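In: with the input below, show me the fold.
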Amino acid sequence: MNLTFKIRYRTTFGQQMLICGNRPQLGNNDPDKAVFMQFANEEEWQFSLDLEVEDRLELEYYYIFRNEKEGFSYPEYKKRQVSLEADQYLFLELRDTWSSPGLVDYAFDTQVFDVLLP
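Out: Sure thing, here's the model as predicted:
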């Protein structure tokens with residue numbers, strides 16, 4: 001199965017997104033072994049991998065925001081989970097956002113607050 005992760009998160013030069021999860025290709029839940037995602041544009045990052053899955057895919061993962069310029073990393077507050085019959089899919093794309101649009105915190109991730117809250 002080809003699995004692609006995409007996350008919507010606005011970044012600027014020097015900032016990076018990583019992904020960590022319960023598979024060797026995702027660092028085995030060790031944030032020090034998290035893998036770098038590819039920059040798609042200033043609002044989206046992606047990472048693809050091929051997984052050998054026989055029956056069910058049981059996946060747990062989370063994203064990490066890294067700011068090289070400031071020298072810090074910020075892991076996502078919760079782990080995401082995927083559980084499905086893997087033999088039904090050759091390709092699977094998971095599209096995520098850092099914050100849920102239904103949460104109050106999401107408003108602070110919008111462009112207007114980039115100016116108000118540097």
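
In: what's across from K6 in the sheet?
Out: Q46, R95 (DSSP bridges).

In: neighbours of the residue lying closest to N28 once chain neighbours are set aside, how many?
Out: Distances taken as CB to CB, 6 or more residues apart in numbering place N22 nearest to N28, at 6.8 Å, with adjacent residues excluded. All C-beta spots, glycine's among them, are computed from the backbone N, C-alpha and C. Residues lying near N22 (other CB atoms under 10 Å) number 14.

In: swap in C20?
Out: C20 has 23 neighbours, counted by other CB under 10 Å.

In: also the one 3 residues further on?
Out: Neighbouring residues of R23 were enumerated by other CB under 10 Å; the total is 18.

In: what's the separation between it and F72?
Out: Between R23 and F72 the computed distance is 26 Å (CB to CB, to the nearest Å).

In: tell me the centre residue of the protein?
Out: Y63 (3.9 Å; CA atoms, centre = their mean).

In: I figured that one hits I7, correct?
Out: Yes - using CB atoms under 8 Å, Y63 is in contact with I7, at 5.5 Å.

In: what residues are shared contacts of the two?
Out: M17, I19, M37, D96, W98 (CB atoms under 8 Å, 6 or more residues apart in numbering).

In: residue ranges of the helices in the protein, please?
Out: Ranges of helices in the chain, per DSSP state H, are 104-108, 112-116.

In: for the lengthiest strand in the chain, list every residue counted as buried.
Out: Taking DSSP state E as the criterion, the chain has its longest strand at strand 56-67. For strand 56-67, the neighbour count (16 or more other CB atoms under 10 Å) marks L57, L59, Y61, Y62, Y63, I64, F65, R66 as buried.

In: for stretch 11-26, same thing?
Out: Those would be T11, Q15, M17, L18, I19, C20, G21, R23, L26, for stretch 11-26 by 16+ other CB under 10 Å.

In: right, and the fifth one touches T4 too?
Out: Put plainly, it is I19. No - taking CB under 8 Å as the definition, I19 is not a contact partner of T4, at 11.0 Å.

In: shared neighbours, these two?
Out: F47.
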